[in-house]
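Enquirer: After the sequence you'll find the predicted model.
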Number of protein chains: 2
Amino acid sequence: MNAEIIAIGSELLTPDRIDTNSLWLTEKLNAIGIEVRLKTIVGDDDLRLEEAVRDAVRRSEVVISTGGLGPTEDDITRKVFARVLGRPLVLDDAILDDIRRKFARIGAPMTSNNERQALVLRDAEVLSNPRGTAPGLLIQHDRALIVLLPGPPREMQPMFSELILPRLEKLSHGIRICKRVMKTTGLGESALDQKIAPIYGQYSNPATTILAKPGEVEIHLTAKSDTTEAAVALLDELAEKIEDELFPSIYSHRGESLEEVVGLGLTVKGYTIATAESCTGGLIAKRITDVPGSSEYFLEGLVTYSNGAKTRLLGVPQELIAEHGAVSAEVAEAMATGVKAVSGATIGVSTTGIAGPGGGTEQKPVGLVFIAIADDVQVEAKPYTLFGSRQEIRERASQIALDLISRRFLL
Amino acid sequence: MNAEIIAIGSELLTPDRIDTNSLWLTEKLNAIGIEVRLKTIVGDDDLRLEEAVRDAVRRSEVVISTGGLGPTEDDITRKVFARVLGRPLVLDDAILDDIRRKFARIGAPMTSNNERQALVLRDAEVLSNPRGTAPGLLIQHDRALIVLLPGPPREMQPMFSELILPRLEKLSHGIRICKRVMKTTGLGESALDQKIAPIYGQYSNPATTILAKPGEVEIHLTAKSDTTEAAVALLDELAEKIEDELFPSIYSHRGESLEEVVGLGLTVKGYTIATAESCTGGLIAKRITDVPGSSEYFLEGLVTYSNGAKTRLLGVPQELIAEHGAVSAEVAEAMATGVKAVSGATIGVSTTGIAGPGGGTEQKPVGLVFIAIADDVQVEAKPYTLFGSRQEIRERASQIALDLISRRFLL
């Protein structure tokens, strides 16, 4: 089966906006053996959208549009599809009631332009949108299955996964595509590739893609077969060989985030953790608490930017700061043991460094970060020289800290 | 003038590949007053490419394709454009010699499929490619200017900048495009649109686009004129009217982030700030310290997840937590005054709530968040009922907290 995606919205034709919905949809479609043959990105432009829809409906078995279902004048998707398919728009009272209820629940006045979202194409199936006001629509037209989805990913994704994917899966008998993502830290992209190219080079199925991101390198495997089981078996075979070669650089075997891996490890061991951050400014605490249920193992996080706060909250001696400077291994260690002591956590972790762009010196340049971890037995700080923007330095430092935790305590 | 971009290559229809060429081209085109009206992303697919080219040539003044000019069977761009435009491909001896020289220079054997790159459409202008083997082509066809560019950015970008842009600049009679972004919080997309649609509806230039993001709505204005000064004057005129109508919902007049606005306001007033976070888990501290130089006004941030930490670090009375629960206005206020007191900051801000997905009750459902701000004069906590995933609830809560700060102290 083949599909075609139409991304609608003038903002998608500006230099700063990427249509990421179609990437997500492509992944889901590929997984059930449906190929995306064409993507059109069109603005709130009646004539061009009409042409795009006309071509798509004629040539593709599945046509998916995203965006343009909202309440404003700009939102022309319903109107244009109605015209091309020759189906009038009718007001759906159930949807209108639902939109009214949503506004009532949040106590906001419902402006009249919102009524537009209750217009549906005749004989279309309404796809309810519990996360927003504009419902999606599903239309079977001649040989084409046409799906109109809202633009915001948080509304579009669950609607597609829950209401469309199961249906498409039934229609597309045949090839199954399975993917697996492994994540690594500590090895550069080319060093990693040199290690595993001799392994994955022997396989055309699964296909292997290597993707470098700040502080980590991902390995994506894609296997095709008649059944999901057979595709998974292909993945297992290649993944095991790669894992043997790259151990212990792999921290995630099934795409889990580093903070999830840390959380799982802490939970299994029954450990608790507390953070004392300077240059990362709360990012490590934020990432640890991104994980649902993290209140079970995360006790507290102290963002001690000022020297006074380091002394008062963590008990870092003023003289230590005076002697070695706030950005030093000694202060990092005192921060980690300090936060462990005051919180009563099993593990204390700390960062102190220069995220930039200002504040660097000859001896302590921008990018220098000390990261320390304290447990009941020992405390150790290590220096890291990180590159990139302020955000990237903070990202990388938090990545290293979480990776150190997962390694020292959890492997 | 308007343009249309066709990105060619099957790899651009996979989940992991984004067509970034078109973003770069859009920026260059917009800067000289040419609007991109449609983008098509098509694979190495003869029939679909033919349709895309046919539509583009008929409706657009400038048609730019990227990719598909290489030596392999997959590279069908020349062939398909030749067919649609009714111009035969002819072998260009000068190009062939040039390709032969390039191979000779690097000492590699030239395989015969490389000759294909010397085929050009009759009467096309050849765009030399010093950084690769495939030349680009420029064709004036009826009213349309058609440009075929290679796919690799390092070949495409200089070819476009050096050989195409100066020519388009002449054709577009010196139109200049300027943009402005305003950001708002506190109003929903449709409520905001209803307020300002009567204003921006009177202007076709600047064009107005409204963009909803979690916790905020952006207004993008795009003005065209003969000179940059005149375009800026158009922006100023409409922006002022919108600002009058939306005050005080607008927090950013030139695209600055909320944390930058907060930082600027604190700096101007000479205020300092400290945070006490429960459900946001460090996100507010992280956002405040995202801004370079934030160490001047950010003193400390306490992530007090456990009740013990709230009592020990912030002085929140145990009895208060026992009586009202950790998620309550009373505890939020005690946290804000507590962190203000212990840190000595001018402003204390706190959050306590239920980010979910677990932990909600009938009385205190997931999404209930109390946010408090304390200054020298008063402390006030307000309840918010936020929706969305755990991440979204945390995002929205941090957005509201920063917005409250910018409003209470900075306007």
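Expert: Great, that's in hand.

Enquirer: Kindly list the longest helix within chain A.
Expert: helix A:390-410 (DSSP state H).

Enquirer: Pull out the buried residues from it.
Expert: A:390, A:392-406, A:409 (16 or more other Cβ atoms under 10 Å in any protein chain shown). Yep, even glycine has a C-beta here, placed from its N, CA and C like the rest.

Enquirer: show me which of these neighbour chain B.
Expert: Among the buried residues of helix A:390-410, the ones lying near chain B by Cβ under 8 Å from any Cβ of the partner chain are A:R390, A:R394.

Enquirer: list the buried ones in the worst-scoring helix or strand of chain A on mean pLDDT?
Expert: Lowest by mean pLDDT, DSSP states H and E among the helices and strands of chain A is strand A:207-213, with a mean of 79. For strand A:207-213, a neighbour-count test (16+ other Cβ under 10 Å) marks A:A207, A:T208, A:T209, A:I210 as buried.

Enquirer: ok, those residues vs B:H220, which is closest?
Expert: A:T209 (34.2 Å; Cβ to Cβ).

Enquirer: What confidence value was assigned to the closest residue in space to that closest one that isn't next to it in sequence?
Expert: Nearest non-adjacent residue to A:T209, counting by Cβ to Cβ, 6 or more residues apart in numbering or on different chains: A:H220, 4.4 Å away. As predicted, A:H220 sits at a pLDDT of 87.

Enquirer: quick one: contacts for A:H220?
Expert: A:K179, A:R180, A:V181, A:T208, A:T209, A:I210, A:L211, B:D16 (Cβ atoms under 8 Å, 6 or more residues apart in numbering or on different chains).

Enquirer: what are the phi and psi angles of the first one?
Expert: It refers to A:K179. Backbone geometry at A:K179, expressed as degrees, to the nearest 10, gives phi -130, psi 160.

Enquirer: pretty sure it contacts A:E218?
Expert: No. Contact criterion Cβ atoms under 8 Å: A:K179 and A:E218 do not qualify, at 11.3 Å.

Enquirer: Pull up the distance across stretch A:243-250, start to finish.
Expert: 7 Å (Cα to Cα, to the nearest Å).

Enquirer: swap that for stretch A:180-196, please
Expert: End-to-end span of stretch A:180-196 (Cα to Cα): 16 Å.

Enquirer: related to what we said a few turns ago, my impression was that the residue nearest to A:T209 belongs to a helix - is that right?
Expert: No. Assigned with DSSP: H, G, I helix; E, B strand; the rest coil, A:H220 falls outside any helix and is strand.

Enquirer: What distance do you get for it to A:E229?
Expert: Going from A:H220 to A:E229 by Cβ to Cβ, to the nearest Å gives 20 Å.

Enquirer: Within range of chain B, give me the residues from the stretch 101-250 of chain A.
Expert: Counting by Cβ under 8 Å from any Cβ, the positions of the stretch 101-250 of chain A adjacent to chain B are A:I106, A:A108, A:P109, A:T111, A:N113, A:N114, A:R131, A:P152, A:R154, A:T209, A:L211, A:H220.

Enquirer: Write a PyMOL command that selects only the buried members of these.
Expert: Of these, the buried ones go into a single PyMOL selection, burial set by 16+ other Cβ under 10 Å:
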select buried, chain A and resi 111+113+114+131+152+154+209+220
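
Enquirer: quick one: contacts for A:D55?
Expert: A:D55 makes contact with B:E51, B:D55, according to Cβ under 8 Å, 6+ apart.

Enquirer: In a strand, it, correct?
Expert: No. Counting by three-state DSSP, A:D55 falls outside a strand, being helix.

Enquirer: can you pull the pLDDT of the residue nearest to A:Q399 when sequence neighbours are not counted?
Expert: Nearest non-adjacent residue to A:Q399, counting by Cβ to Cβ, 6+ apart: A:G215, 3.6 Å away. pLDDT, A:G215: 75.

Enquirer: measure A:G215 to chain B for me?
Expert: Noted for A:G215: a distance of 16 Å to chain B, by Cβ to the nearest Cβ, to the nearest Å.

Enquirer: again, but for A:E395
Expert: Per Cβ to the nearest Cβ, A:E395 is found 11 Å from chain B.

Enquirer: Which residue is the nearest non-sequential neighbour of A:I321?
Expert: Closest to A:I321 by Cβ to Cβ, 6+ apart is A:N307, at 5.3 Å.

Enquirer: Now do the same contact list for the one you found.
Expert: By Cβ under 8 Å, 6+ apart, the contact list for A:N307 reads A:Q318, A:I321, A:A326.

Enquirer: Could I get the phi/psi values of the last one?
Expert: Meaning A:A326. Residue torsions, per degrees, to the nearest 10, at A:A326 are phi -60, psi -30.

Enquirer: contacting residues around the single nearest residue of the stretch 101-250 of chain A relative to chain B?
Expert: Taking Cβ to the nearest Cβ, chain B has its nearest neighbour within the stretch 101-250 of chain A at A:T111, 4.5 Å off. Going by Cβ under 8 Å, 6+ apart, A:T111 touches A:P71, B:S190, B:A191, B:D193, B:Q194.

Enquirer: before we move on, what about A:L121?
Expert: By Cβ under 8 Å, 6+ apart, A:L121 lies in contact with A:R78, A:F81, A:A82, A:L85, A:R87, A:P88, A:L89, A:V90, A:L137, A:I139.

Enquirer: Among those residues, which one lies nearest to A:L264?
Expert: A:L137 (40.2 Å).

Enquirer: buried sites along whatever helix or strand A:L238 lives in?
Expert: Per DSSP states H and E, A:L238 falls inside helix A:228-246. In terms of neighbour count (16+ other Cβ under 10 Å), helix A:228-246 has its buried residues at A:A231, A:V232, A:L234, A:L235, A:L238, A:A239, A:K241, A:I242, A:E243, A:L246.

Enquirer: Surely the last one touches A:T185?
Expert: No. No contact is recorded between A:L246 and A:T185 when judged using Cβ under 8 Å, the distance being 10.8 Å.

Enquirer: Could you list the low-confidence segments of chain A?
Expert: Confidence mapping of chain A against pLDDT under 70 gives the ranges A:173, A:214, A:409-411.

Enquirer: Okay, helices next: where are they in it?
Expert: Under the criterion DSSP H, chain A carries helices at the ranges A:21-31, A:46-59, A:77-85, A:93-105, A:153-159, A:165-171, A:189-200, A:228-246, A:258-269, A:283-289, A:307-314, A:318-324, A:329-343, A:390-410.

Enquirer: Would you agree A:I18 is in contact with B:W24?
Expert: No. Using Cβ under 8 Å, A:I18 is not in contact with B:W24; the gap is 12.0 Å.

Enquirer: neighbours around A:E256, how many?
Expert: Neighbours of A:E256 under the rule other Cβ atoms under 10 Å in any protein chain shown: 16.

Enquirer: Relative to chain B, how far out is it?
Expert: 16 Å.

Enquirer: for that residue, what are its contacts?
Expert: So A:E256 contacts A:K183, A:L264 (Cβ under 8 Å, 6+ apart).

Enquirer: Which residue ranges make up each domain of chain A?
Expert: Residue ranges for the domains of chain A, per automatic domain parsing: A:2-171, A:176-252, A:258-410.

Enquirer: Figure out the length between the terminal residues of the shortest one.
Expert: Looking back up the chat, that one is domain A:176-252. End-to-end for domain A:176-252, by Cα to Cα: 24 Å.

Enquirer: One more: the first one?
Expert: Domain A:2-171 has an end-to-end distance of 11 Å (Cα to Cα).

Enquirer: can you list the residues of the stretch 301-411 of chain A near chain B?
Expert: Within the stretch 301-411 of chain A, the positions near chain B by Cβ under 8 Å from any Cβ are A:301-306, A:308-309, A:312-313, A:342-344, A:356-359, A:390-391, A:394.

Enquirer: Are any of those residues buried, and if so which?
Expert: Those of these that meet the buried threshold are A:301-306, A:309, A:313, A:342-343, A:356, A:359, A:390, A:394, by 16+ other Cβ under 10 Å.
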